[in-house]
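Novice: got a predicted structure plus its sequence, pasted below:
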Amino acid sequence: MATTHTGQQKGQPKRSSARASHALYLAVIAAVALGILVGLVAPGFAVQLEPIGDGFINLIKMMIQPVIFCTIVLGVGSVASATKVGKVGGMALGYFLVMSTVALAIGLVVGNLLDPGSGLNLTSELAAEGQSKAADGHASTTEFLLGIIPTSLFSALTSGSVLQTLFVALLVGFALQRMGSAGKPVLTVIGHLQKVVFRVLAMIMWAAPVGAFGAIAAVTGQGGVSALASLGVLMIGFYITCLLFVLVVLGTLLKAATGVGIFGLLKYLGREFLLILATSSSESALPRVIAKLEHAGIDKTTVGVVIPTGYSFNLDGTAIYLTMASLFIADALGDPLSIGEQVGLLLFMMIAAKGAAGVTGSGMAVLAGGLQSHRPDLVDGVGFIVGIDRFMSEARALTNFAGNAVATVLIGHWTGGIDRARFDSVLRGDLPFDESTMVDDHGDDAPMVEDAPTRTTGTTPTLAKS
C-alpha cells in the first residue's frame, strides 16, 4: 500500500505537468492562427513583428550547442568501444548520401512534370536580388571543410556551428572513453549539466506561443497573397512533393526495414513539427528531438551522432527544393535544361546541398551559390522565387526534420541501438515524454515495459551510475 501511495504522490506533478504542456501546445496553435490572420489583415504591422520570432529562435539556438555537446560526449564516452561510434557514423553518412540523391532525383522528375516557370518576366530588381543571394551562398568545398575545425576547443561551444560542436564533442567523448574509470566523474558532471541545459530549454519553451505568433505573422506579411498567387504552382507542387516523399518514400522504407508506421512517429513528434511550422526553422526543434528520441529508447550514441550530422548532411527537403527551383528558373528564363544538363545539375547539387545548414537562409542562398558555380546565366532568375521562399522554407524544414527522425530510427534499428519494446510503448503513449524537464529521468515510479531489455535511458550514462 505504501508503495502505491508513493507512486500516486510522485505521479501528481507529472499529471499536472502534462496538463500544462497540453495547454502550451494549444496556445502555440492559437498563436499560429492569429499570426496568419494578422499577416493577412495588417501586413505592414506584421512585418514589424519579425524580431519577436527571431528572438525566440535565437533563444532556442543558444541551447543547441550545449545540448549536442552533452549528448554526444555522454553517448560516446559511456560506450565500451569506439567501434560502435564508427559503425553508426559510417552507416549514417552512407544513408544520407543515398537519400539525398533520391530526393534530388524526385525534385527533377516533379519539376519536369509541372513545368511551372513559363510566362514570367525578369525585372532588373529581381535580377539584383538573385545576384545578392548568390554572394551569400557561394562557398568552396575547402572552406566548408576547414570551417568544421574551431578556433579553439572551447570556441566550438559558442561559434554557432553545429559541425564544430559535433567535431569537438566526438574528440572529448573518445578521450573520456580511453580514460576508462578515470573518466567516470567527468561523465557524471556532464550528465548533470545536461539536465540543467534541458531544464533551461523547458523554461524557454513557455515563450513558444509569442515566438510563433511573431514569426508566422512576419512570414505572412512579407509574402502576402500576391506572392502566393503568382507562383502558386511551384509552391503547391513543392509542398505536395515533400509530403509524398515523407509519407511514401520514407514511410515505406521505415515500415519495410523496422515495421514502424510513419504516422506513429510523426504523431509522437507532432509538437516539434508545429514548432518548425511556426518558426520556419528545423533548428528550433533540434534539442527537443534529441531528448524525445532518447526517451523513445534509442541510445545516446545513435541519437547524438545521427541527428547533429543529419542537420548538415541529410537535407531531403532542401535537395528537392534545389532541383525543382533550378528547373523552374531555367524555364522562366526561356532556357530549359536538357536531360544531360539536368543530370550534371543533380550531381553538382549533391555537393552543394551538403553545406546548406551552415548558411543563413540556407535554401535560397545555396541555390544561388550552386547556380553561380554551375550555370551562372541562371543566377538572376533566383529573384523570381524571393517572394515565396519563406513559405517554401517551412516545407523544406519539415521535410528535413522528418528525414532525420526517420534516419535515426533506421540507424538505431540497423546497429542494434534501439530498445524496441520501449520504442513501441512510447509511440503508443504508454510512456509519455516529460515536457516539464525534457529529461528522460523517470525513477522508480515509471511504468515498466515487460520483456524489455535492461538499459539506462536517463541523462546520466551507465558508467556514471555504476
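Specialist: Ah, there it is. Numbering: from 1, shown residues only.
Novice: next one, pLDDT for residue 242 please.
Specialist: On the pLDDT scale, residue 242 is placed at 92.
Novice: tell me the contacts of it?
Specialist: For residue 242, the contacting residues are 317, 320, 395-396, 398-399, by Cβ atoms under 8 Å, 6 or more residues apart in numbering. The C-beta positions use only the backbone N, C-alpha and C, and glycine is treated the same way.
Novice: how about a cut-off of 6 Å?
Specialist: Counting by Cβ atoms under 6 Å, 6 or more residues apart in numbering, residue 242 makes contact with 317, 395, 399.
Novice: can you flag which of those residues belong to helices?
Specialist: Judged by DSSP state H, the subset of these located in helices is 317, 395, 399.
Novice: before we move on, back to that, could I get the contacts of residue 242 as a markdown table with pLDDT?
Specialist: Below are those laid out as a markdown table (pLDDT from 0 to 100):
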| residue | pLDDT |
| --- | --- |
| 317 | 86 |
| 395 | 85 |
| 399 | 92 |
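Novice: low-confidence ranges, the stretch 1-150 of the chain, go.
Specialist: The model of the stretch 1-150 of the chain has pLDDT under 70 over residues 1-22, 78-82, 115-144.
Novice: and the strands in it?
Specialist: In the stretch 1-150 of the chain, no strands are defined using DSSP state E, counting those that start in this stretch.
Novice: residue 338 and residue 328, how far apart?
Specialist: 16 Å (Cβ to Cβ, to the nearest Å).
Novice: looking at these two now, which is surrounded by more residues?
Specialist: Comparing residue 338 with residue 328 by other Cβ atoms under 10 Å, the one with more neighbours is residue 328, at 25 against 9.
Novice: tell me which element the more buried one falls in.
Specialist: Taking DSSP states H and E as the definition, one finds residue 328 inside helix 316-332.
Novice: for that helix, list the C-alpha coordinates in CSV.
Specialist: Extracted C-alpha coordinates of helix 316-332, given in CSV (Å, rounded to 0.1, in the frame of the first residue of the first chain):
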residue,chain,number,x,y,z
ASP,A,316,16.0,15.9,-48.1
GLY,A,317,13.6,18.9,-48.3
THR,A,318,16.4,21.2,-49.4
ALA,A,319,17.5,18.7,-52.0
ILE,A,320,14.0,18.6,-53.5
TYR,A,321,13.9,22.4,-53.5
LEU,A,322,17.2,22.8,-55.2
THR,A,323,16.4,20.8,-58.2
MET,A,324,12.7,21.9,-58.6
ALA,A,325,13.7,25.6,-58.2
SER,A,326,16.6,25.2,-60.7
LEU,A,327,14.2,23.8,-63.3
PHE,A,328,11.7,26.5,-62.6
ILE,A,329,14.2,29.3,-63.0
ALA,A,330,15.6,27.8,-66.3
ASP,A,331,12.0,27.6,-67.7
ALA,A,332,11.2,31.1,-66.6
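Novice: what is the orientation angle of the next helix or strand after it with helix 316-332?
Specialist: Per DSSP H and E, the first helix or strand lying C-terminal to helix 316-332 is helix 339-352. In terms of direction (axes from the mean of the first three to the mean of the last three Cα atoms, to 10 degrees), helix 339-352 departs from helix 316-332 by 140 degrees.
Novice: for helix 339-352, what is the distance to the chain centroid?
Specialist: How far helix 339-352 lies from its chain's middle: 24 Å, per Cα atoms, centre = their mean, to the nearest Å.
Novice: just checking, what packs against that helix?
Specialist: Using 3 or more Cβ pairs under 6 Å, 6 or more residues apart in numbering; DSSP states H and E, the elements in contact with helix 339-352 are helix 82-114, helix 362-374.
Novice: so which of these is the most surrounded?
Specialist: Greatest average neighbour count among the helices and strands packed on helix 339-352 goes to helix 362-374 (a mean of 25), per mean count of other Cβ atoms under 10 Å.
Novice: ok, back up a step: tell me which strands and helices the helix holding residue 328 is in contact with?
Specialist: The elements that helix 316-332 packs onto, with contact taken as 3+ Cβ pairs under 6 Å, 6+ apart, are helix 82-114, helix 232-244, helix 362-374, helix 386-415.
Novice: for residue 262, which of these is the nearest?
Specialist: Smallest distance to residue 262 across the helices and strands packed on helix 316-332 (Cβ to Cβ): 7.4 Å, for helix 386-415.
Novice: ok so, going back, what's the closest of the ones in helices among the contacts of residue 242 to residue 156?
Specialist: Of those, the one sitting nearest to residue 156 (Cβ to Cβ) turns out to be residue 317, at 26.9 Å.
Novice: quick check: the closest one touching residue 400?
Specialist: Yes. Applying Cβ atoms under 6 Å, one finds residue 317 in contact with residue 400, separated by 4.6 Å.
Novice: one step back: buried ones in the helix holding residue 328?
Specialist: For helix 316-332, a neighbour-count test (16 or more other Cβ atoms under 10 Å) marks 316-332 as buried.
Novice: ditto for stretch 331-346
Specialist: Buried, per 16+ other Cβ under 10 Å, within stretch 331-346: 331-333, 337, 342, 345-346.
Novice: just those now: which is nearest residue 96?
Specialist: Using Cβ to Cβ, the buried residues of stretch 331-346 come closest to residue 96 at residue 346, 15.9 Å.
Novice: what's near enough to touch the closest residue to that closest one other than its chain neighbours?
Specialist: For residue 346, ignoring the flanking residues on the chain, the nearest one in space by Cβ to Cβ, 6 or more residues apart in numbering is residue 104 at 5.1 Å. Residues in contact with residue 104 (Cβ under 6 Å, 6+ apart) are 319, 323, 346, 349.
Novice: check pLDDT for those and point me to the minimum.
Specialist: Confidence-wise, residue 349 trails the rest of these, at 71.
Novice: surely that residue touches residue 322?
Specialist: Yes. With contact defined as Cβ under 6 Å, residue 349 reaches residue 322; the gap is 4.7 Å.
Novice: and the pLDDT at residue 264?
Specialist: 93.
Novice: dump the residue contacts of it.
Specialist: Contacts for residue 264 (Cβ under 6 Å, 6+ apart) come out as residue 427.
Novice: great, nothing more from me.
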